[in-house]
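[1] using only what follows, build the 3D model:
(2 chains)
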Amino acid sequence: MASNKKVKKSIITVPKGMHDILPDGQPLWEKIRKIAKETADFYNFSRIDTPILERAELFERSLGETSDVIEKQMLVIRGKGRDSLALRPEGTAPIARAYIENGLSRLGQPLKLYYEGPMFRHEQPQAGRFRQFHQVGFEIISNDSDPIYDAQVIIASYRFLQDLKIKDLNLQLNSIGCAKCRPVFRKKLIDYYSSKEKSLCGDCRRRLRLNPLRLLDCKNGGCVALKKESPSILDTLCYDCKRHFKKVLEFLEEVKLPYTLNQFLVRGLDYYSKTVFEIFTEGSGLALAAGGRYDYLLEMLGKYAPGVGGAAGLERLVEVIKSKGVNLLGRPKPKVFLIHIGDLAKVKALSLIETLRESGLDILESLGKESLRAQLKAADKASSTLSLIFGQQEAFEQSIIIRDMKSGAQETVPLKKVVDVLKRRLR
RNA sequence: GUGCCUAUAGUUUAAUGGUAAAACUUCGCUCUGUGGCAGCGAUGUUGAGGGUUCGAUUCCCUCUAGGCACCCCA
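    All right, here's what the predicted structure looks like:
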């Protein structure tokens, strides 16, 4: 106790933007992951896990050197050798890498993959934004850019959110064109905005030079007004892109998936082309899931193969589920609590637990507590339906008491029969 | 990287220029083999450092951390 002060003073806290997911928060996380897996299973996406560390170059080459994610958010570790390793800021580039490196085209076309895990971006934490966050993502890589894949990724992402019982989903769609038509649009945008540079905000003047597409993303009053008259990407798309996008919309309409066209929707990463999408829910300005087609990503990494994918941020989902009061967790399983009294029973309880385990029964205990009172309290707090009371006398007699925690009714059964009786009563 | 706000038990919050209170949680006791209720008790050097002051948890400054917003993004 005297050292309390010292301990307190030197307490080590979690790094900025990171957080613990505590035991009482786990059930919801497990449930979300479970629903992600069920969605993936149904639509036939196979799980893939890639390392959390990748060569920094992977992201530099694929996400775009001028993107914020690369420019200032990537956490880079200098390895012992000359390697420059990065904590992955997103999940798609690693999958593209794994696809090429392992020759995953051999697994058949198309290859549908899903992943789940932590991502890292060094940014200022705020609502729905962390330095370590978790994503679930769906990706389809194939040897052609069939718009059906775009639709399938969007459907899977949408259904995932629906299965999480998140209401009022709003799917926004756009096409940002291909290598042929995007430059045309880019030029149109620059032409349009150059004459109006004076009325743009500081950020937008920078964007005009660096990444003109992002001009459409600005929420600044003056820029928003200018946006209205700006050239529309949808009018500029080449024939192929137009047809591709139309097909995607057609497919979504077939499954009655409501969408909104948003010609101002652009994405932050360079590898996107054609279809881009974001899914929102009412009352939050943050996208719950987002993604798009990336016809050039794998090519940039050395092998041509178009793909399309989307990812959802789990922290944001948890936040929405909590704030909307969605009840995802059903009734908990009935629990049995083993209570011991006395040293002999304590020892015997240990092997009894193993016996129950072998019979496939779940059992809770509090072997560290001695008094019956305290153990009953613990059983109650764990919301057990039944408890087993095992004392000195029962240990001698090879019997045990089964107590119904709600009614308080007790029956004494021979130890040999406890498994059968429990199974019957739990049914 | 920029701006604004905040910092008191594990949690949520009071209070005061004279070294802190409640509720909830946890643990224990009242009650040595029968829980949920109740009563009692335990668990804190008011984020760190400095300044003003006889005296600072309170006022001021710095730092740190957190929240929110911008940038950007899941």
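[2] which parts of the stretch 101-250 of chain A sit against RNA strand B?
    Contact residues (C-beta under 7 Å from any atom of the strand) of the stretch 101-250 of chain A with RNA strand B: A:121, A:123-130, A:133, A:135, A:203, A:207, A:214, A:217-220. Where you see a C-beta, it was placed from the backbone N, CA and C, and this is true even at glycine.
[3] name the SS class of the nearest residue to A:Leu53 once chain neighbours are set aside, please.
    Excluding the flanking residues, the one nearest A:Leu53 by C-beta to C-beta, 6 or more residues apart in numbering is A:Leu85, at 4.7 Å. Look at A:Leu85: counting by DSSP: H, G, I helix; E, B strand; the rest coil, its state is strand.
[4] so what's A:Leu85 bridging to?
    Here A:Leu85 shows beta-bridge partners A:Arg55, A:Ile77, assigned using DSSP bridges.
[5] inside helices: which ones of the residues of the stretch 101-250 of chain A next to RNA strand B?
    A:203, A:207 (DSSP state H).
[6] any of the residues of the stretch 101-250 of chain A next to RNA strand B buried? List them.
    For those, a neighbour count by 16 or more other C-beta atoms under 10 Å gives the buried set as A:121, A:128, A:130, A:133, A:135, A:207, A:214, A:217-218.
[7] got the domain ranges for chain A?
    Taking automatic domain parsing as the reference, chain A has its domains at A:23-180+A:238-323, A:336-422.
[8] now the last one, how far from the centre of its chain.
    The one in question is domain A:336-422. Averaging C-alpha coordinates over domain A:336-422 and over its chain gives two centres that are 39 Å apart (C-alpha atoms, centre = their mean, to the nearest Å).
[9] list the contacts for the residue nearest to A:Leu53?
    Neighbouring residues of A:Leu85 by C-beta atoms under 8 Å, 6 or more residues apart in numbering: A:53-56, A:76-79.
[10] what does the stretch 301-427 of chain A put close to RNA strand B?
    So the stretch 301-427 of chain A meets RNA strand B at A:311-313, A:315-316, A:341-342, A:369, A:371-374, A:376-381, A:389, A:391-394, A:401, A:403, A:405-408, A:410 (C-beta under 7 Å from any atom of the strand).
[11] now the residue lying closest to A:Arg205 once chain neighbours are set aside: phi and psi?
    Using C-beta to C-beta, 6+ apart and skipping the chain neighbours, the partner closest in space to A:Arg205 is A:Glu197 (6.1 Å). Note on A:Glu197: its backbone torsions stand at phi -50, psi -30 [degrees, to the nearest 10].
[12] all helices of the stretch 201-350 of chain A, in order?
    Along the stretch 201-350 of chain A, counting by DSSP state H, counting those that start in this stretch, helices occupy A:202-210, A:221-229, A:233-236, A:239-254, A:297-300, A:314-323, A:343-358.
[13] switch the contacts of A:Leu85 over to a markdown table; also include distance to A:Ser145, neighbour count and pLDDT.
    Below are those laid out as a markdown table (distance: C-beta to C-beta, whole Å; neighbours: other C-beta atoms under 10 Å; pLDDT from 0 to 100):
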| residue | distance to A:Ser145 | neighbour count | pLDDT |
| --- | --- | --- | --- |
| A:Leu53 | 30 | 16 | 93 |
| A:Glu54 | 25 | 18 | 94 |
| A:Arg55 | 27 | 14 | 93 |
| A:Ala56 | 28 | 19 | 91 |
| A:Val76 | 32 | 12 | 88 |
| A:Ile77 | 35 | 11 | 84 |
| A:Arg78 | 38 | 10 | 80 |
| A:Gly79 | 36 | 10 | 71 |
